[in-house]
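> Okay, sequence plus prediction incoming.
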Amino acid sequence: MMRVDLLSIFPDFFTSPLGEGIIRRARQAQIIDIAIHNIRDHAGDRHQMTDDRPYGGGEGMVMKPEPLAACLKAVPRRGRSRVILLSPRGVPFSQQQARLYADYDQLILVCGRYEGVDERFSSHHVDEECSIGDYVLSGGELAALVVIDAVCRLLPGALGCADSAERDSFSRSLLKHGQYTRPPVFEGLEVPAVLLSGDHLAIARHRFLESVRLTLARRPDLLSGLELSKAERALLAQEGLLAQVEQARQEQKQALEISA
Ligand code: ADE
């Protein structure tokens, strides 16, 4: 069972999101065990201060290192564990990062607040900093929930269908094709006929081509990581898409070389 420890000054923040859907089921099934720790409980002084003004001046408040370190120290360690600080300064979170995290026995997620966390805590007590995107949130709590959700889906048994995580967008550098359900006609719009054909090979081909077209249009940068089988190359060539895909891959490669 994976163990997740959340360190936050807003422990109530997590109650509802961690009590619904797949995460709730995974907790009930003892696939994931999540504990929430209130950093404020480890603030020594009478006023339970967890933040203070920055040395050197400047806007806002900084989280004090002692309550964070004391709270972290109180977390029992289990197996291979990783201390992750959620912060916009971190390494960008991705599906690949989620897979790496899913391999640990324990994730300790520290939610920063205010303008930041005292650097002595982040540099000496934290294994890595993780950012969920290039925008600034009011705190790490929402980011921690994003990480937990993405990791939880990857734990064996967390999803109903064993391979549905593998077919999700990004597990193979392609965006997911469109999905349809009943009714067959909605506001005059029909479901693509092939999906009603019962021909599984034709359906798989149609979905693959849809995924490639969507990725070309929206996220050509993803295509540089795409590995194609012989049959897939043949199918793309037949549909007149192979040249476009190869060109997008070439452009992406050059962009990566320039930025390196
Ligand atoms: N805390 C504030 N903004 C954040 C972000 N983008 N990712 C992770 N933690 C954050």
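Nice, I can see it. Residues are numbered from 1 along each chain as shown.
> Hmm, Val151 and Ala102 touching each other?
Yes. Ala102 is in contact with Val151 according to C-beta atoms under 8 Å; the separation is 5.0 Å. Using the backbone N, CA and C atoms, a C-beta is placed for each residue, glycine as well.
> anything in contact with each of those two?
Common neighbours of Ala102 and Val151, using C-beta atoms under 8 Å, 6 or more residues apart in numbering, are Met2.
> Neighbour count for these two, which is higher?
Neighbours were counted for Ala102 and for Val151 using other C-beta atoms under 10 Å; Val151 has more, 24 against 18.
> Contact partners for that one?
Going by C-beta under 8 Å, 6+ apart, Val151 touches 2, 4, 98, 101-102, 107.
> What about Leu109? Give its phi and psi, please.
The phi/psi pair for Leu109 (degrees, to the nearest 10) reads phi -100, psi 120.
> What count of nearby residues applies to the closest residue to it other than its chain neighbours?
In space, and not counting its chain neighbours, Leu109 is closest to Ala144: 4.4 Å by C-beta to C-beta, 6 or more residues apart in numbering. Ala144 has 27 neighbouring residues, counting by other C-beta under 10 Å.
> Is the residue in the stretch 151-260 of the chain that the ligand sits nearest to in a helix, a strand, or coil?
Going by C-beta to the nearest ligand atom, the ligand is nearest to Val151 of the stretch 151-260 of the chain, at 14.5 Å. Assigned state for Val151: helix (three-state reduction, DSSP: H, G, I helix; E, B strand; the rest coil).
> Cys71 and the ligand, how far apart?
According to C-beta to the nearest ligand atom, to the nearest Å, Cys71 and the ligand sit 18 Å apart.
> And that residue, how close does it get to Leu86?
Using C-beta to C-beta, to the nearest Å, we find Cys71 at a distance of 15 Å from Leu86.
> Which of those two has more residues huddled nearby?
Using other C-beta under 10 Å, the more surrounded residue of Cys71 and Leu86 is Leu86, with 27 against 23.
> helix, strand or coil for the more buried one?
Three-state assignment for Leu86 (three-state DSSP): strand.
> partner residues bridging it?
Cys111, Cys130 (DSSP bridges).
> I figured it hits Cys130, correct?
Yes. In this structure, Leu86 is within contact of Cys130 by C-beta under 8 Å, at 5.7 Å.
> any residues in contact with both of those two?
Common neighbours of Leu86 and Cys130 (C-beta under 8 Å, 6+ apart) are 143, 147.
> that older thread, what helix or strand is the residue nearest to Leu109 on?
For Ala144, the element it lies in under DSSP states H and E is helix 141-152.
> Tell me which stretches of the stretch 1-150 of the chain form strands.
Along the stretch 1-150 of the chain, counting by DSSP state E, counting those that start in this stretch, strands occupy 2-8, 32-38, 51-52, 62-63, 81-92, 106-111, 116-117, 128-131.
> ok, then the element right after the lowest-mean-pLDDT helix or strand in the chain?
Ranking every helix and strand in the chain by mean pLDDT, DSSP states H and E puts helix 164-167 at the bottom, with a mean of 61. Sequence-wise, the next helix or strand downstream of helix 164-167 (DSSP H and E) is strand 185-186.
> Tell me the helices and strands packed up against that following strand.
Based on contacts counted as 3 or more C-beta pairs under 8 Å, 6 or more residues apart in numbering; DSSP states H and E, there is no element that strand 185-186 packs against.
> Parallel or antiparallel, list what pairs with it.
The strands beside strand 185-186 in its sheet (DSSP bridges) come out as strand 189-190 (antiparallel).
> ok now the partner strand, how far from the chain's centre?
Mean-position distance between strand 189-190 and its chain equals 34 Å (C-alpha atoms, centre = their mean, to the nearest Å).
> got the contact list for the helix or strand following it?
The helix or strand immediately downstream of strand 189-190 is helix 200-218, counting by DSSP H and E. Outside helix 200-218, the residues that touch it by C-beta under 8 Å, 6+ apart are 173-178, 192, 194-195, 197, 222-223, 232, 235-236, 239, 241, 244-245, 248.
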